[in-house]
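Q: Output the structure for:
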Amino acid sequence: MDMSTSSPVITDTLSISPPLLGSLTSNLMPFSVMSGGCSSPGMNVSASRRTIEEVLVNGLLDAMKSSSPRKKHNLAFDQGNSPDEDPAYNAWMRKCPSALTSFKQIVGNAQGRKIAVFLDYDGTLSPIVDDPDKAFMSPMMRAVVRNVAKYFPTAIVSGRSRKKVFEFVKLKELYYAGSHGMDIVTSIAEHNTEKCKEANLFQPACEFLPMIDEVSKSLLEVTSGIQGASVENNKFCVSVHYRNVAEKDWEVVARLVNEVLEAFPRLKVTNGRMVLEVRPVIDWDKGKAVEFLLQSLGLNDCENVIPIYIGDDRTDEDAFKVLRERNCGYGILVSQVPKDTEAFYSLRDPSEVMGFLNSLVRWKRHSL
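A: Residues are numbered from 1 along each chain as shown. The predicted structure follows:
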C-alpha cells in the first residue's frame, strides 16, 4: 500500500470548488461574470476572458492532482510495517471500519430482509490498470459475482458504457447501469437483443448522444499529440484518461478539455482517479441510478430491503450518499488510503471485495 507520511484525508475536490468543476461550462462562466457587473468600464474583455479561463484550467488541474496523486510515501511502509500501525489510518478506520471485520454486524441487520447488491467495476471488481481496455476481472472474481447473483439481485453501476462493462463482466444474470447510470437495462435476459433494448432500457440523456459523439471526436483530435492520453467514448459520457500522461503535461490536458467544452455549454467535466469525465448537465448520477433500479425491481421497501453498494471512486459517493440519506443499506468504499466518504464501511482492494462477496454467499447458503 502507498500512503503519505501523515496519511492526509483525500477530499472530494468537486465539493470544495463546485463553481469551477461541478458543472464546468466554460463558455457560460465568462459570460455570467462579465455581464454581472463585476468588470470595470475600462476592462479589456479579452483579458478578462483569459483570466477566467486560467482560473478554470487551474481549478481543473488542482482537482486532477488532488484526486490522482502520483506518489505517496508512508513511514510505516518504509519501515516495513503494516498500514494498521499508522495512527491516521487507524483513526479513519474507526470511522469507516472494514466490511470484513464488521460482516456479522452487516448481515445481522439483514436478518429477515432482502439484500440487493450494487457493484462498481474498475477498482472494485477489477484492478486499476494503465490501459483501460485491459481492465479484466479475474475468472475467480467472475465466479464469485455469478454466485452472488444466484442469491441476491445484483447490478453493475459503472462509468463505462453499458456495452463495454458487459463485455468485461460477461454475466447475463446481472442488471447493468452504464455511463454513470445514464444507460440502464432492467432485464436479466439477453442483454444484446434489440427486443431487450426496446423494452427494458432507461436512458435519461438520449438527446445528448449526438453531442457526446461530437465532443468525443474533438477531444480525441486535440489530445492526439499528448503522449499517454486516451479518450474513451462511453456513449453518454466521455472519459479522458491521463494515467499514462507525464504530470508536467496534465495542465495541457486540462487546458485542452476546457477549450473543447467552450463549444458545449450543456456538458460538464468531473474528475475521477486519473480520468476526466465529460457528462451531460442533467440531474442524474449513480445515486439516482441506484434509486431507479431499486424502484424498477420492486426493491424500494426500506423495511424489507437492504441495498449494499461497493465502489472505489468519487462518482460512487453519490450512491453512498443516497443510502445514507435513506437510512437504508450500506455503502462500502474500496480504498487503501483515508478519504472523506459517505460510505459506512471500507475494503482495501478488489481481493477484499471478493472476500466480502464470498462471505455474503456463504452466509446466505447457511441461512437457507
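Q: any idea how far residue 214 is from the most centrally placed residue in the chain?
A: In the chain, the residue lying closest to the centroid (Cα atoms, centre = their mean) is residue 315, at 3.2 Å. When distance is defined by Cβ to Cβ, to the nearest Å, residue 315 is 23 Å away from residue 214. Every C-beta, even on glycine, is put in place using the N, C-alpha and C of the backbone.
Q: Check residue 295 too.
A: Distance from residue 295 to residue 214, by Cβ to Cβ: 33 Å.
Q: quick one, which of those two is more surrounded?
A: Remark: of residue 295 and residue 214, residue 214 carries more neighbours, 14 against 11, as counted by other Cβ atoms under 10 Å.
Q: State the helix or strand in which that one lies.
A: Residue 214 belongs to helix 209-222 when elements are defined using DSSP states H and E.
Q: which other residues reach that helix?
A: 231, 233, 235-238, 240, 256-257, 259-261, 263-264, 266-267, 278, 280 (Cβ atoms under 8 Å, 6 or more residues apart in numbering).
Q: Buried only: go through the residues you listed for me.
A: Neighbour counting by 16 or more other Cβ atoms under 10 Å classes 231, 233, 235-238, 240, 256-257, 259-261, 264, 267, 278, 280 among these as buried.
Q: which residues sit in contact with the residue nearest to the centre of the chain?
A: Per Cβ under 8 Å, 6+ apart, neighbours of residue 315: 159, 180, 270, 272, 277, 285-286.
Q: re the thing from before, out of the contacts of helix 209-222, which are inside strands?
A: Residues of the contacts of helix 209-222 located in strands (DSSP state E): 231, 233, 238, 240, 267, 278, 280.
Q: pLDDT value on the first one, please?
A: On pLDDT, residue 231 comes in at 97.
Q: hang on, isn't it packed against residue 237?
A: No. The pair residue 231 / residue 237 is not scored as a contact, 11.4 Å apart, by Cβ atoms under 8 Å.
Q: how does this structure divide into domains?
A: Using the TED database, the domain ranges for the chain come out as 86-188+298-367, 207-280.
Q: need the ones you listed in a markdown table with distance to residue 64, can you?
A: As requested, those are exported to a markdown table (distance: least, Cβ to Cβ, whole Å):
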| stretch | distance to residue 64 |
| --- | --- |
| domain 86-188+298-367 | 12 |
| domain 207-280 | 5 |
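Q: And the ones you listed: which comes nearest residue 201?
A: domain 86-188+298-367 (5.7 Å; Cβ to Cβ).
Q: distance between the ends of that closest one?
A: With Cα to Cα, to the nearest Å as the measure, the ends of domain 86-188+298-367 fall 38 Å from one another.
Q: Could you do stretch 98-110 as well?
A: 17 Å.
Q: ok, residue 275 - contacts?
A: Contacts here follow Cβ under 8 Å, 6+ apart; on that basis residue 275 touches 68, 239-243.
Q: swap in residue 175?
A: Residues counted as contacts of residue 175 (Cβ under 8 Å, 6+ apart) are 153-156, 184-186, 188, 293, 297.
Q: Buried subset of those, written for PyMOL?
A: Command for PyMOL that selects the buried part of the contacts of residue 175, burial taken from 16+ other Cβ under 10 Å:
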select buried, resi 153+154+155+156+184+185+186+188+293
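Q: Confirm residue 244 sits in a helix?
A: No. Under DSSP: H, G, I helix; E, B strand; the rest coil, residue 244 falls outside any helix and is assigned coil.
Q: For it, which non-adjacent residue is spatially closest?
A: Closest residue to residue 244 apart from its sequence neighbours, by Cβ to Cβ, 6 or more residues apart in numbering: residue 228 at 3.3 Å.
Q: Tell me where the model's unsure across this structure.
A: Applying pLDDT under 70 to the chain flags the ranges 1-56, 67-85, 188-199.
Q: can you give me the strands in it?
A: Ranges of strands within the chain are 114-119, 154-157, 175-178, 183-185, 201-202, 230-233, 238-241, 267-272, 275-280, 305-311, 330-334, 345-347, based on DSSP E.
Q: Would you mind listing the outside residues contacting the fifth one?
A: Here strand 201-202 makes contact (Cβ under 8 Å, 6+ apart) with 183-186, 292, 296.
Q: tell me, how many neighbours does residue 304 end up with?
A: 10.
Q: repeat for the one 3 residues further on
A: Residue 307 is flanked by 26 other residues according to other Cβ under 10 Å.
Q: do you know how far it is from residue 152?
A: 10 Å.
Q: which residues do these two both contact?
A: With Cβ under 8 Å, 6+ apart as the test, residue 307 and residue 152 both reach 115-117.
Q: need those residues in JSON lines with neighbour count and distance to residue 142, can you?
A: As requested, the shared contacts of residue 307 and residue 152 are exported to JSON lines (neighbours: other Cβ atoms under 10 Å; distance: Cβ to Cβ, whole Å):
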{"residue": "115", "neighbour count": "22", "distance to residue 142": "20"}
{"residue": "116", "neighbour count": "20", "distance to residue 142": "20"}
{"residue": "117", "neighbour count": "21", "distance to residue 142": "15"}
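Q: sorry, back to before: ok, which pair from the buried ones among the contacts of helix 209-222 is furthest apart?
A: 235 and 259, at 23.4 Å, using Cβ to Cβ across those.
Q: returning to what we had before: can you lay out the contacts of residue 175 as TSV showing distance to residue 166?
A: As requested, the contacts of residue 175 are exported to TSV (distance: Cβ to Cβ, whole Å):
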residue	distance to residue 166
153	17
154	13
155	12
156	8
184	12
185	9
186	14
188	12
293	16
297	18
